[in-house]
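Asks: A predicted structure for the sequence below; I have some questions about it.
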2 protein chains.
Amino acid sequence: MAKTAAVLVIGDEILSGRTQDTNTGAIARFLAALGLDLREARVVGDTQDAIVAALNALRARYDYVFTTGGIGPPHDDITADAGAAAFGVGIGYHPEAYALLEARYPPGAVNAPRQRMARVPHGAALIASPVSVAPGFHIGNVYVMAGVPSVMRAMLEAIAPQLPRGPATASVTIEALAPEGKLALPLAGVQTLFSDTAIGSYPFYREDGADKTHGAQLVVRGRDPVRVEAAAQAIEDMLRQMAVAAQRVN
Amino acid sequence: MAKTAAVLVIGDEILSGRTQDTNTGAIARFLAALGLDLREARVVGDTQDAIVAALNALRARYDYVFTTGGIGPPHDDITADAGAAAFGVGIGYHPEAYALLEARYPPGAVNAPRQRMARVPHGAALIASPVSVAPGFHIGNVYVMAGVPSVMRAMLEAIAPQLPRGPATASVTIEALAPEGKLALPLAGVQTLFSDTAIGSYPFYREDGADKTHGAQLVVRGRDPVRVEAAAQAIEDMLRQMAVAAQRVN
């Protein structure tokens, strides 16, 4: 069985609609490549109670939790404190993180807000941040990362060697030029025959001047590439019999 | 007090990283304009247990829940069944929804998968879908909408008249050309003086050829526009005293 995972995005700016979250999608693709099974994602604001409740719910339910946001210098960045509270441990300066700050800034510039970036829950290990000075940290099954997407992605690469590999997921996408409602019944039949794969149907509408295209992307996913390919061929046979134009896409 | 809300995005395609969710952001901006307070967002896959658990957790905790995804014809679109299970009610064809299908398709084309689009939990009211044939529905404090972004946005507009208005949120954004760590301490001081506003700091890095810009967007939000403006001016005073270049942005 693949290990399970959840994402927790922390930040008022996502819930106000000011910032479009892209970290969930980046972590999703990263985990899919490792063979881990992302089961849930949540977004909460910069409130200790909300962060602690979400952390405790997710870390109990899934093998791994990946958080983004709230580890910078500003007063409303409280993820380290919330992490300590969730695990019921104290919090303090991590000597290695503090040394990174002192190496980065001129003497006297490591002010109180910057010092906050070196505070991690007791027992946490640092996550290297190749593109910023403030590290993330890892405690229990929770990985705490930055919210800035480029910094977050670099931290993901840094922790990749620590994470287990699961069975890779094979995937084939077939674009069919017919409405979903016409395809759904035979598609459900293919799903029944290939119950060890997951077949999804995603409608699309494209307008290119007077040309309107209306169709569905049919996606087969599964652990066994032979079964995924067999299911994809069954769908292609079905589409040919229905005289529906179709092609594989990436 | 503003009414609270949560978003529940339903779909394996988000958790696999195949599709970037944009519905959460669209709903967030819609709710902010109405004066409702979005507190949490979740993403779960196309699994009845996961959908039911999330629906029941969120509808108990918040005044309103808005879901997207899982109401089309495919076999893996199970949001209506999950909604009925969450509310502990039966499910059946809604006569008005069924009539919409019959009006839309030629005789005989309302096949079993299309009929599924007219199934709603007992006691649910329809949400009109101006841009597709399948309606959403509304049961208790839960609004169930389509996953396709253009269809979802049209449904949001359709339900807007039914939703309460809360106090509008005023917001000012100041872009400051200094690192967050330099600004955080005086900014925390302004936050203390204006505790009826929420002040956030969001770092940015821009590279334009050889030019690198490094700064932070400082965002003041609050219910009282006079207090938000006063806090923004206090931040601008602070930045002038620090000789940090700054400007308001939209």
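Replies: Yep, it's here.
Asks: element containing residue A:32?
Replies: Element membership of residue A:32 [criterion: DSSP states H and E] is helix A:23-34.
Asks: Relative to chain B, how far out is the closest residue to residue A:30 other than its chain neighbours?
Replies: Excluding its sequence neighbours, the residue lying closest to residue A:30 (C-beta to C-beta, 6 or more residues apart in numbering or on different chains) is residue A:156, at 5.2 Å. In this view, the C-beta of every residue, glycine as well, is placed from N, C-alpha and C. Remark: distance between residue A:156 and chain B (C-beta to the nearest C-beta, to the nearest Å) = 12 Å.
Asks: Count the neighbours of residue A:156 for me.
Replies: Other residues near residue A:156 number 23, with proximity taken as other C-beta atoms under 10 Å in any protein chain shown.
Asks: so it touches residue A:28, yeah?
Replies: No - contact criterion C-beta atoms under 8 Å: residue A:156 and residue A:28 do not qualify, at 11.1 Å.
Asks: Can the lowest-mean-pLDDT helix or strand in chain A be said to contact chain B?
Replies: Sorting the helices and strands of chain A by mean pLDDT, DSSP states H and E puts strand A:198-208 at the bottom, at a mean of 87. Yes - Strand A:198-208 is in contact with chain B by C-beta under 8 Å from any C-beta of the partner chain, via A:198-203, A:205.
Asks: May I see the buried residues of the helix or strand that comes right after that strand?
Replies: Next along the chain after strand A:198-208, taking DSSP H and E as the criterion, comes strand A:211-222. Buried positions in strand A:211-222, judged by neighbour count with 16 or more other C-beta atoms under 10 Å in any protein chain shown: A:215-222.
Asks: Pick out whichever of these sits closest to residue B:240.
Replies: residue A:217 (53.7 Å; C-beta to C-beta).
Asks: how many degrees apart are the longest helix anywhere in chain A and strand A:211-222 in direction?
Replies: Longest among the helix segments of chain A by residue count, using DSSP state H, is helix A:225-241. Interaxial angle of helix A:225-241 relative to strand A:211-222 (axes from the mean of the first three to the mean of the last three C-alpha atoms, to 10 degrees): 150 degrees.
Asks: Strand partners (parallel or antiparallel) of the very next helix or strand once past helix A:225-241?
Replies: Per DSSP H and E, the first helix or strand lying C-terminal to helix A:225-241 is strand A:246-249. Using DSSP bridges, strand A:246-249 pairs in its sheet with strand A:170-176 (antiparallel).
Asks: What angle do helix A:23-34 and the strand it pairs with make with each other?
Replies: With the same axes, to 10 degrees applied, the angle from strand A:170-176 to helix A:23-34 works out at 120 degrees.
Asks: average model confidence for strand A:170-176?
Replies: Summarised as a single mean, pLDDT over strand A:170-176 is 96.
Asks: Off-centre distance for it?
Replies: 22 Å (C-alpha atoms, centre = their mean, to the nearest Å).
Asks: Show residues contacting it.
Replies: With C-beta atoms under 8 Å, 6 or more residues apart in numbering or on different chains as the test, strand A:170-176 has contacts from A:183, A:215-225, A:228-229, A:231-232, A:235-236, A:239, A:244-250, B:16.
Asks: For PyMOL, what selects the buried ones among those?
Replies: Applied in PyMOL, the following selects the buried portion of the contacts of strand A:170-176 according to 16+ other C-beta under 10 Å:
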select buried, (chain A and resi 183+215+216+217+218+219+220+221+222+223+228+231+232+235+236+239+244+246) or (chain B and resi 16)
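Asks: right, is stretch A:119-129 up against chain B?
Replies: No - against chain B, stretch A:119-129 shows no contacts by C-beta under 8 Å from any C-beta, the least distance being 13.0 Å.
Asks: residues touching residue A:104, list them.
Replies: residue A:133.
Asks: re earlier: can you tell if the longest helix of chain A touches chain B?
Replies: No - shown here: helix A:225-241 not in contact with chain B (C-beta under 8 Å from any C-beta), separated by at least 12.5 Å.
Asks: What lies in contact with that helix?
Replies: A:170-172, A:174, A:176, A:178, A:183, A:186-187, A:189-190, A:193-194, A:196-197, A:199, A:218, A:220-222, A:245-246, A:248.
Asks: same check, this time on stretch A:126-134
Replies: A:71-73, A:94, A:96-97, A:100-101, A:104-105, A:117-118, A:120, A:135-138, A:143-146, A:148, A:150-151, A:154-155, A:157-159.
Asks: Which of those fall within strands?
Replies: A:120, A:136-138, A:143-145 (DSSP state E).
Asks: With distance to residue A:52 added, can I get those residues in CSV?
Replies: Below are those laid out as CSV (distance: C-beta to C-beta, whole Å):
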residue, distance to residue A:52
A:120, 16
A:136, 18
A:137, 16
A:138, 18
A:143, 17
A:144, 13
A:145, 18
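Asks: Just the buried ones among these, please.
Replies: Buried members of the ones in strands among the contacts of stretch A:126-134, counted by 16+ other C-beta under 10 Å: A:120, A:136-138, A:143-145.
Asks: quick one, domains of chain A?
Replies: Taking automatic domain parsing as the domain assignment, the ranges for chain A are A:4-162, A:170-249.
Asks: Select, out of these, the one closest to residue B:85.
Replies: domain A:4-162 (18.2 Å).
Asks: average model confidence for the closest one?
Replies: Mean per-residue pLDDT for domain A:4-162: 95.
Asks: First-to-last residue distance for that domain?
Replies: 15 Å (C-alpha to C-alpha, to the nearest Å).
Asks: Count the neighbours of the nearest residue to residue A:77 once chain neighbours are set aside for me.
Replies: In space, and not counting its chain neighbours, residue A:77 is closest to residue A:70: 4.6 Å by C-beta to C-beta, 6+ apart. For residue A:70, the neighbour count with other C-beta under 10 Å is 26.
Asks: cool, and the one 4 residues further on?
Replies: In terms of burial, residue A:74 registers 25 neighbours under the definition other C-beta under 10 Å.
Asks: ok, it - contacts?
Replies: Residue A:74 touches A:113, B:180, B:184, B:187-188, B:200-201, counting by C-beta under 8 Å, 6+ apart.
Asks: Tell me which of those residues fall in helices.
Replies: A:113, B:180, B:184, B:187-188.
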